[in-house]
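Participant: here is my input; please provide its structure:
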Amino acid sequence: MNPYDTDTLLGVVRELDPFDPFLLNMFFQEEVNFDTAKIDFDQVAEDTTLAPFVSPLVAGKANKAAGGELRSFKPAYVKPKDIVDPERILKRRPGEAIGGAMSAGARRDAIITDILDTQRKKVLRRKEWMAAQALLTGKVTVEGNDYPSVEVDFQRDAENTIALIGNDVWSDTTNAKPLEQIEDWNDLSEAPITDLVMDSGAYKLLIKFQDVKDLLNTRRGDSSDIKLGPGNDKWVQFKGYLGDYRVWVYKGYYTDDIGAKQSFIPVNTVIAVSAAVDGVRAHGAILDREAGYQALPLFPKNWGQEDPSVEYVMSQSAPLMIPARPNASLAITVD
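Facilitator: All right, here's what the predicted structure looks like:
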């Protein structure tokens, strides 16, 4: 059987059911694809000085350009690769009529679609992990097989990573004052905090406080148009408004290299983040002849070899999730 061309595979990917990681959809909505292997990003300091007083008879002076730094990063590839098992093509698929109503060609199409869907979700989970790391630490460490460990530091202020101690921890319901703490976090943020995203442990601690219960308003409609997680709201729960802050519990997880379950948001952790964090899904060009060396967020390909006869499907991406305003987020360990 002939391999499918790139346009056909991209068409299949576009038509697959959505898998929508929460942090990406909420805070990393813009996508920028570079036509080079490197991703360039600017960090421009906003000019917050006052306009100077001058005499109306004195010529005005030109403002100095805000300081900026252009940095570049050559991202590692993520490239899940699978064999199209010929035995699967000959077997009846789940849900197929007894006796096998599908042709071998139709089963092959279905199997390749399944593989593309699985690979796409793997890539999205990696991007979600990158987004989580950027919001949690202000950094992303990229490392893997044949790729040396590289830390991409978005230069978030150190004070935006907080670990509560002593009487401030949320398990101390007598002395801790979460509402005051949240306002302090808002003061530290470069832009007004809009969302409090936490794991279920932090939320269980938060709602033990009576003043929090009194404020938490679940009757107001959620005006957000994001899609709540992969397939349903099992992993993402909108809990209501704490004043003007939207409160979310996020239980999304992934499986690490040794098969252990890892949550995108650690235990007893809150991400206080502004919508103005303006996260960007950046992608370097795919350096593959069949991709035409073009800027693509995901490049699927399909090929075969003759001896032994094997067919492969692979999806490639060169991603980096960039918070344009890294100081518009804070990460807090509350207990």
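Participant: and Ile265, how close does it get to Phe22?
Facilitator: 10 Å (Cβ to Cβ, to the nearest Å). C-betas here are computed from N, CA, C, even on glycine.
Participant: shared neighbours, these two?
Facilitator: Val197, Tyr250, Gly252 (Cβ atoms under 8 Å, 6 or more residues apart in numbering).
Participant: of these, which is the most crowded?
Facilitator: Val197 (26 neighbours; other Cβ atoms under 10 Å).
Participant: low-confidence stretches in the stretch 151-300 of the chain?
Facilitator: The model of the stretch 151-300 of the chain has pLDDT under 70 over residues 218-234, 293.
Participant: redo that, cut-off 50
Facilitator: Counting by pLDDT under 50, the ranges of the stretch 151-300 of the chain that qualify are 223-232.
Participant: which secondary structure element contains the most centrally placed residue in the chain?
Facilitator: Centroid check for the chain by Cα atoms, centre = their mean gives Glu128 as the closest residue, at 2.9 Å. Secondary structure from DSSP states H and E places Glu128 in helix 104-137.
Participant: same check, this time on Lys213
Facilitator: Per DSSP H and E: helix 210-215 holds Lys213.
Participant: which helices and strands sit right next to the strand or helix carrying Gln316?
Facilitator: Using DSSP H and E, Gln316 sits within strand 310-316. Here strand 310-316 touches strand 81-83, helix 104-137, strand 299-305, going by 3 or more Cβ pairs under 8 Å, 6 or more residues apart in numbering; DSSP states H and E.
Participant: now the shortest one, how far from the centre of its chain.
Facilitator: Its chain's C-alpha centre and that of strand 81-83 lie 25 Å apart, by Cα atoms, centre = their mean, to the nearest Å.
Participant: buried sites along that strand?
Facilitator: Neighbour counts over strand 81-83 (16 or more other Cβ atoms under 10 Å) mark Asp82 as buried.
Participant: strand partners (parallel or antiparallel) of that strand?
Facilitator: Paired neighbours of strand 81-83 in the sheet (DSSP bridges): strand 310-316 (antiparallel).
Participant: what are the ranges of the helices in the stretch 1-150 of the chain?
Facilitator: Listed in chain order, the helices of the stretch 1-150 of the chain (DSSP state H, counting those that start in this stretch) span 6-15, 22-27, 86-90, 104-137.
Participant: let me know the angle separating the last one from strand 299-305.
Facilitator: If you take axes from the mean of the first three to the mean of the last three Cα atoms, to 10 degrees, helix 104-137 sits at 140 degrees to strand 299-305.
Participant: avg pLDDT for helix 104-137?
Facilitator: Across helix 104-137, the average pLDDT comes to 88.
Participant: quick one: closest of the helices of the stretch 1-150 of the chain to Asp153.
Facilitator: helix 104-137 (9.2 Å; Cβ to Cβ).
Participant: can you pull up the bridge partners for Met198?
Facilitator: Using DSSP bridges, the beta-bridge partners of Met198 come out as Val249, Val270.
Participant: that one: neighbour count?
Facilitator: 24.
Participant: Asp109 too?
Facilitator: Neighbour tally, Asp109, other Cβ under 10 Å: 16.
Participant: do Trp248 as well
Facilitator: Counted with other Cβ under 10 Å, Trp248 comes out at 24.
Participant: cool, and Thr141?
Facilitator: 12.
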